[in-house]
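Student: sharing a model that was predicted from the sequence below.
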Amino acid sequence: MDEFRKMRRFKQEITEAECIEVLKNAPRGVMAFHGENGYPYAIPLNQFYNEEDGKLYFHGAKEGLKLDLMAADNKVCFTVMDQGYRKQGDWALTIQSVICLGHLEIVEDKATALAILRKLALKYYPTPEAAENEVIKDGARANMLVMTIDRMTGKRVHEA
């Protein structure tokens, strides 16, 4: 594996456990690919962090630019941030953000893909029944992607 730079603002660095909490709870993040014509390509995605294997999962269509770019180079960057909070009397937010570098692949095993899709749906739908109905309705059309994380860093920043 390649060597990565150390975080410049190391005093703002958060722990791995704090990073995982942000990944689990953030509503969505942005995934960046090596794009076409030398331009980066970044898209917002809903994510599910699976504590069992330490990987990130995403769903999407079975064709399109995202998959074409992944086929050409599956190294990606996924970034999330929490909702932040304000200390009483403070105008500025304190925000935690996490950056994950890794490799993206299609989940080929259909049973695994459906099981992960159910877990992802439970994060976003208001009830287990609503999540299951959506999986039954659209599960066969969904493509599950898995990101193996090579590097994860996070920091807490006060905006002031």
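Tutor: Perfect, thanks for sending it.
Student: okay, CA-based contacts and neighbour counts for the rest of this
Tutor: OK.
Student: and the residue nearest to residue 36 when sequence neighbours are not counted, what pLDDT?
Tutor: Once flanking residues are discounted, residue 36 sits nearest to residue 69: 7.8 Å by C-alpha to C-alpha, 6 or more residues apart in numbering. We have a pLDDT of 96 for residue 69.
Student: max-length strand in this protein?
Tutor: strand 143-158 (DSSP state E).
Student: if we can go back for a sec, which SS state does the residue nearest to residue 36 fall under?
Tutor: helix (DSSP: H, G, I helix; E, B strand; the rest coil).
Student: run a quick neighbour tally on it.
Tutor: Here the number of neighbours of residue 69 (other C-alpha atoms under 10 Å) works out to 17.
Student: tell me which residues touch it, please.
Tutor: Contact analysis of residue 69 by C-alpha atoms under 8 Å, 6 or more residues apart in numbering lists 33-36.
Student: how long is stretch 84-103 from one end to the other?
Tutor: 28 Å (C-alpha to C-alpha, to the nearest Å).
Student: the one helix or strand in the chain whose mean pLDDT sits lowest: which residues count as buried?
Tutor: Across the helices and strands of the chain, mean pLDDT, DSSP states H and E gives its lowest value to helix 128-138, namely a mean of 90. Across helix 128-138, burial judged by 16 or more other C-alpha atoms under 10 Å covers 131-132, 135.
Student: please apply the same query to stretch 80-94.
Tutor: So, applying 16+ other C-alpha under 10 Å, buried residues of stretch 80-94: 80-82, 94.
Student: which of the residues you listed scores worst on pLDDT?
Tutor: Lowest pLDDT among the buried residues of stretch 80-94: residue 94, 89.
Student: neighbours around the closest residue to that residue other than its chain neighbours, how many?
Tutor: Counting by C-alpha to C-alpha, 6+ apart, residue 94 lies nearest to residue 158, which is 4.2 Å off, once chain neighbours are set aside. Residue 158 has 13 neighbours, counted by other C-alpha under 10 Å.
Student: distance of residue 158 relative to residue 12?
Tutor: With C-alpha to C-alpha as the criterion, residue 158 and residue 12 are 9 Å apart.
Student: got it, and residue 130?
Tutor: Residue 130 is 39 Å from residue 12, by C-alpha to C-alpha.
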